[in-house]
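Just to be clear, the model below is a prediction. Sequence and coordinates:
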Amino acid sequence: MSYMHGGDIYTYEGMLDFSVNINPFGPSPAVLEAACEAMKTVGAYPDSQCRKLRQELAEVLEISGDTLIFGNGAADLIFSLVFAERPKKAILTAPSFLEYAQALKAVGCEINYHYLEEKQNFQLDEGYLEMLTGDTDMIFLCSPDNPTGGLPPLSLLQKIAGKCEKLGIRMVLDECFCEFLEDTEGVLSQTAICEYPHLFLLRAFTKMHAMPGLRLGYGITSDRMLLHNMERVRQPWSVSAPAQAAGIAALGGADRVKKTRIFITEERRKLEKKLERMGVTYFPSSVNYMLLKSSYDLFALLKEKKILIRDCSNYEGLKKGFYRIAVKTGEENQLLIQALEEIYPIKKRRCEVWQK
């Protein structure tokens, strides 16, 4: 199986990794401690119903615990959902997260793409609504979007959810990066599941809580039959005891989440200014990663400088020349900028002359 994502530190050892978009501060001490303590229980099967985690998360989100489903990361739930429903026709935006298409193809689903336009910064617009027809079974959307970091208008998401409800289309909304948003009022909240039973919200502990190695994602929906069908097609112990314990500990880190969000916003703005001065093309982002476009082979050139970024040429709707970088710590971001300044020397010299 070929590796199609960022974070391949096993192939590219010893490199500064900007290819994966997780919290640059790593997991909290509380998360690490909880996971380590739970290792004492690995001689027993984990709770297949994730009861303690379910109760804690339901209280934090102020929803009923029976609207939640947990999985071995968000990707696990994508496949479980698709295998449970086995759609015949689905709509994806392009570019979008690769696992959506992979899961749909695994059940022989026909995929139609709605291509987002570069001249509009790959922003979703109301033209998407015309794609939704009675023969559509499922759609996947990402808010904030991956790999662009753009945020679809909340009013548009509500219109899409309304039309999906009217036509009986399963709407899967991936919100795995919503915790990084400066203003979380722009996301479709978990309370929307009551108004839109066909809506399935996909979230994870992976990104904000820096737990990709533990694998913990969750879904939210008011469609109990969907949850029942998903449970029927998935393995019973998909969430390990350390992952469940780490998730509970992560829920107590609200202050850390807030501080991270503020830090990421400030660092992203600093990066934007420095990229602009160098003449590096980037697309506006609202979260902890940015999509770049360059005539240089940035993946190869930065790899020579021991910096790993995400080559986005394997995204549907993109081509060679598009790259995604994470927003990391101030010191790491500066190392990336210094490396890019060596790649963009002409623009740098012009700036220096202009400043004189």
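Thanks, I have it.

Skipping adjacent residues, who's closest to residue 317 in space?
Using Cβ to Cβ, 6 or more residues apart in numbering and skipping the chain neighbours, the partner closest in space to residue 317 is residue 94 (3.0 Å). Backbone N, C-alpha and C define where each C-beta goes, glycine included.

no wait, residue 112
Closest residue in space to residue 112, ignoring its immediate chain neighbours: residue 91 at 5.2 Å, by Cβ to Cβ, 6+ apart.

so that neighbour is in which element?
Here residue 91, judged by DSSP states H and E, is contained in strand 89-94.

list the buried ones in that strand?
Using 16 or more other Cβ atoms under 10 Å as the test for burial, strand 89-94 gives 89, 90, 91, 92, 93.

Now do that strand: which elements does it pack against?
The helices and strands touching strand 89-94, judged by 3 or more Cβ pairs under 8 Å, 6 or more residues apart in numbering; DSSP states H and E, are helix 98-106, strand 110-115, strand 138-142.

Please identify the deepest-packed of these.
Of all these, strand 138-142 has the most neighbours on average by mean count of other Cβ atoms under 10 Å, namely a mean of 25.

Can you point out the buried residues in the helix or strand following it?
Later in the chain than strand 138-142, the nearest helix or strand by DSSP H and E is helix 154-167. For helix 154-167, burial by neighbour count (16+ other Cβ under 10 Å) applies to 156, 157, 160, 161, 163, 164.

Averaged pLDDT, helix 154-167. What do you get?
Mean per-residue pLDDT for helix 154-167: 97.

before we move on, what about stretch 79-99?
In the prediction, stretch 79-99 has an average pLDDT of 97.

Repeat that for stretch 308-321.
Per-residue scores along stretch 308-321 average to 95.

got it, and stretch 209-218?
Across stretch 209-218, pLDDT averages out at 96.

With stretch 9-18 instead?
86.

who's in contact with it?
Identification of contacts with stretch 9-18 by Cβ atoms under 8 Å, 6 or more residues apart in numbering yields 3, 6-7, 302-303, 306-310, 325-326, 328, 332, 335-336.

Could I get the buried residue list for that stretch?
By 16+ other Cβ under 10 Å, the buried positions in stretch 9-18 come out as 15, 16, 17, 18.

for this protein, which spans come out with low pLDDT?
Applying pLDDT under 70 to the chain picks out residues 1-7, 346-356.

Against which helices or strands is the longest helix seen in it packed?
As assigned by DSSP state H, the longest helix anywhere in the chain is helix 254-278. Under the contact criterion of 3+ Cβ pairs under 8 Å, 6+ apart, helix 254-278 touches strand 289-293, helix 330-343, helix 345-355.

switch the cut-off to 7 Å
Helix 254-278 sits against helix 330-343, helix 345-355, with contacts defined as 3 or more Cβ pairs under 7 Å, 6 or more residues apart in numbering; DSSP states H and E.

if we can go back for a sec, which of the buried residues of stretch 9-18 fall within strands?
Within these, residues falling in strands by DSSP state E are 16, 17.

Distance of residue 189 relative to residue 228?
24 Å (Cβ to Cβ, to the nearest Å).

Please name the residues that touch residue 87.
104, 109, 137, 138 (Cβ atoms under 7 Å, 6 or more residues apart in numbering).

Much appreciated, bye for now.
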